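Colleague: how would this look folded up:
(2 chains)
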Amino acid sequence: MCLAIPSKVLSIDENNIAEVDTLGVKRQVSLDLIQEEVKPGDYVLIHVGYAMGKIDEKEALESIEIYKQLAEAAMQDDFAIEPERLVSEDGPLLYKPEEESK
Amino acid sequence: MENLTLKDLYFKFRDPKAMKTLTELIKKEASKLKEPMRVMEICGGHTHTIMKYGIKQLLPENIAFIHGPGCPVCVMPKERIDHAIELAKQPDVILATLGDMIRVPGSKSSLAKVRAEGADVRPLHSTLDVLKIAKENPNKKVVFFAIGFETTTPMTAALMDRAFKEGVRNIYYHINHVLVPPPMRAIMESGDAKINAFIGPSHVSVIIGAKAYEFLTREYNTPVVVAGFEPVDVMESIYMLIKQKNEGRCEVENQYKRATTWEGNVVAQTLIEKYMDVRDTFRWRGLGDIPKSALKLKDAYSEFDAEKVWADILPNEPIDDHKMCICGDILKGLKTPKDCKVFGTACTPSNPLGSCMVSDEGACNAYYRYDR
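Modeller: Below you'll find the predicted structure:
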């Protein structure tokens, strides 16, 4: 029920309905609940016919980069690594609400 | 950095090699824990991920998952399911509801059974379809039986907004939207489940923001990491929780930063406030009455409130679960499906006795599929 699916926006019509692609499946979703500006090429989370949030590409890529490092460590059986982002208190993963209000 | 592709958003967060390293990092960090961690994943979607990807088996013995009540179908008391069934049986009514709800047993029947007997029950994939059904059937009363946590509530509000803007007035709303933070508080207040860390929900948090869990750190000294839905997300979040414990911190952290912010989706929050109020109290299956834990339509929209329009035919007496069913204790985090005598025998996904077996997000359903 709370599953929201990452999808790519293909086009947006005059009624604020977007056509999105979910790994090859095309469907129509409403953008009425989206607070950010959304354009074709953006990624959104969709849930029961609506886009409920935009995916922050920079954040997604940062996570993917970390996981790439983790995967490389696994290939070398080198589990001594401590990726900075996972351990640093000031690392970007940690929640710093005051940063957002700036 | 390379460009992001849609596939990356799925498969890079399921990378088995990254999982392997995280498993090792968790083992190392967990060996320093002073006391065992009892982590509640509040959301049924996380329960599903944990079971499907075998995460429970990857973790050291001093980290246990306690499955939370975050499955909207599972927590719906039988008397409210009976409401849906009674409404569906009315000759001038089309009852529309999302997916799982159709199969949930009420006290005597289910929506699937009354549909087979001739009632007009429409399972939905999109909340917006309600609008289409209402326009195509102007002489019928379309009752939208609305269930779901904060993830799904904004879509009901958006549907109302659009229906009113387009002048569609034959939609009635039966609101069963429940809130996530109040049961978390109830579970901590009772203390029976001995939870000392939380994995915060993914998509509920997209709407309400990570700020909604601050009370757990402040009032109950219990850390929370808001986690994404994929297995690597869950593993990383576990690691973050252990780190907090070992470093003596107690914070709300956000692992799911690609989709969740501190404030949440304000457009959605505003729309919900426009149409709905918090109920004084709501009865949860298993957890009992929890104050201010669910929503209802604002009084200004009473003429569209199915609970008021059909008040004289809707039963309100609490109905107990089947006496062999332990869904209640499972939802409270006191028992697991394997403690249940009828699990996998008298109670299966195709013939469920209790709601935790019906929904994909129910703990019993996840155990039945992945850990039998």
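
Colleague: could you list the domains of chain B?
Modeller: B:78-178+B:294-313, B:327-370 (automatic domain parsing).

Colleague: could you tell me the least trusted of these?
Modeller: For the domains of chain B, mean pLDDT drops lowest on domain B:327-370, to a mean of 89.

Colleague: out of the domains of chain B, which one sits most buried?
Modeller: Greatest average neighbour count among those goes to domain B:327-370 (a mean of 21), per mean count of other C-beta atoms under 10 Å in any protein chain shown. (Each C-beta comes from the backbone N, C-alpha and C, glycine too.)

Colleague: circling back: how about the domains of chain B in TSV, adding distance to A:Val20?
Modeller: Shown next, in TSV, are these (distance: least, C-beta to C-beta, whole Å):
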stretch	distance to A:Val20
domain B:78-178+B:294-313	12
domain B:327-370	22
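
Colleague: I'd like these as TSV, with distance to chain A appended.
Modeller: Output for the domains of chain B, formatted as TSV (distance: least, C-beta to the nearest C-beta, whole Å):
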stretch	distance to chain A
domain B:78-178+B:294-313	3
domain B:327-370	6
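
Colleague: what about the helices in chain A?
Modeller: For chain A, the helices defined by DSSP state H cover A:57-75, A:84-87, A:97-101.

Colleague: do the same with the stretch 201-350 of chain B
Modeller: Assigned by DSSP state H, counting those that start in this stretch, the helices in the stretch 201-350 of chain B fall at B:203-208, B:214-220, B:231-246, B:266-275, B:306-309, B:327-331.

Colleague: single out the most deeply packed of those helices.
Modeller: Most buried among the helices of the stretch 201-350 of chain B, counting by mean count of other C-beta under 10 Å: helix B:203-208, with a mean of 28.

Colleague: could you say what helices and strands that helix packs with?
Modeller: strand A:43-47, strand A:50-54, helix B:266-275 (3 or more C-beta pairs under 8 Å, 6 or more residues apart in numbering or on different chains; DSSP states H and E).

Colleague: spit out the contact partners of B:Ser205.
Modeller: B:212, B:226, B:254, B:256, B:260, B:264 (C-beta atoms under 8 Å, 6 or more residues apart in numbering or on different chains).

Colleague: out of the residues you listed, who's nearest chain A?
Modeller: B:Asn254 (4.4 Å; C-beta to the nearest C-beta).

Colleague: return the set of residues that bridge with the closest one.
Modeller: B:Val226 (DSSP bridges).

Colleague: would you mind measuring from the residue of chain A at minimum distance from chain B to A:Val20?
Modeller: Closest contact between chain A and chain B, by C-beta to the nearest C-beta, is at A:Gly49 (2.6 Å). The gap separating A:Gly49 from A:Val20 is 11 Å, by C-beta to C-beta, to the nearest Å.

Colleague: overlap in contacts, the two.
Modeller: With C-beta under 8 Å, 6+ apart, A:Gly49 and A:Val20 have common neighbours A:28-29.

Colleague: mind checking the helices of the stretch 201-350 of chain B for the one nearest to B:Ala112?
Modeller: Proximity to B:Ala112 (C-beta to C-beta) singles out helix B:327-331 among these, at 19.0 Å.

Colleague: what's that closest one in contact with?
Modeller: Residues contacting helix B:327-331 (C-beta under 8 Å, 6+ apart): B:67-69, B:71, B:74-75, B:284-287, B:321, B:335-337, B:339-340, B:354-356, B:363-364.

Colleague: can you put the helices of the stretch 201-350 of chain B in CSV and add distance to A:Ser7?
Modeller: Listed next are those as CSV, based on distance: least, C-beta to C-beta, whole Å:
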stretch, distance to A:Ser7
helix B:203-208, 14
helix B:214-220, 31
helix B:231-246, 18
helix B:266-275, 18
helix B:306-309, 32
helix B:327-331, 31
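
Colleague: worst mean pLDDT among those helices?
Modeller: Across those, the lowest-scoring stretch is helix B:327-331, with a mean of 88.

Colleague: all strands for chain B, in order.
Modeller: B:37-43, B:63-70, B:93-98, B:120-124, B:141-148, B:171-177, B:197-200, B:224-226, B:252-254, B:276-278, B:281-284, B:288-291, B:295-297 (DSSP state E).

Colleague: does chain A sit close to the second one?
Modeller: Right, strand B:63-70. Yes - under the criterion of C-beta under 8 Å from any C-beta of the partner chain, chain A is reached by strand B:63-70 at B:Gly70.

Colleague: averaged pLDDT, that strand. What do you get?
Modeller: 92.

Colleague: mind listing what's buried in that strand?
Modeller: B:63, B:65-70 (16 or more other C-beta atoms under 10 Å in any protein chain shown).

Colleague: tell me which two of the residues you listed sit farthest apart.
Modeller: The widest separation within the buried residues of strand B:63-70 (C-beta to C-beta) is 20.5 Å, between B:Ile63 and B:Pro69.

Colleague: in a markdown table: the strands of chain B, plus distance to A:Lys58.
Modeller: Output for those, formatted as a markdown table (distance: least, C-beta to C-beta, whole Å):
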| stretch | distance to A:Lys58 |
| --- | --- |
| strand B:37-43 | 25 |
| strand B:63-70 | 29 |
| strand B:93-98 | 33 |
| strand B:120-124 | 35 |
| strand B:141-148 | 30 |
| strand B:171-177 | 32 |
| strand B:197-200 | 22 |
| strand B:224-226 | 18 |
| strand B:252-254 | 15 |
| strand B:276-278 | 34 |
| strand B:281-284 | 39 |
| strand B:288-291 | 38 |
| strand B:295-297 | 34 |
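
Colleague: who wins for proximity to B:Ser107 among the ones you listed?
Modeller: strand B:281-284 (14.2 Å).

Colleague: tell me what the closest one is packed against?
Modeller: strand B:288-291.

Colleague: partners of the strand it packs on in the sheet?
Modeller: strand B:281-284 (antiparallel).

Colleague: render the CA-only coordinates of the partner strand in CSV, please.
Modeller: Output of strand B:281-284 as CSV, limited to C-alpha atoms (Å, rounded to 0.1, in the frame of the first residue of the first chain):
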residue,chain,number,x,y,z
THR,B,281,-9.8,8.4,18.7
PHE,B,282,-9.6,5.4,16.4
ARG,B,283,-9.7,1.7,17.1
TRP,B,284,-6.8,-0.2,15.6
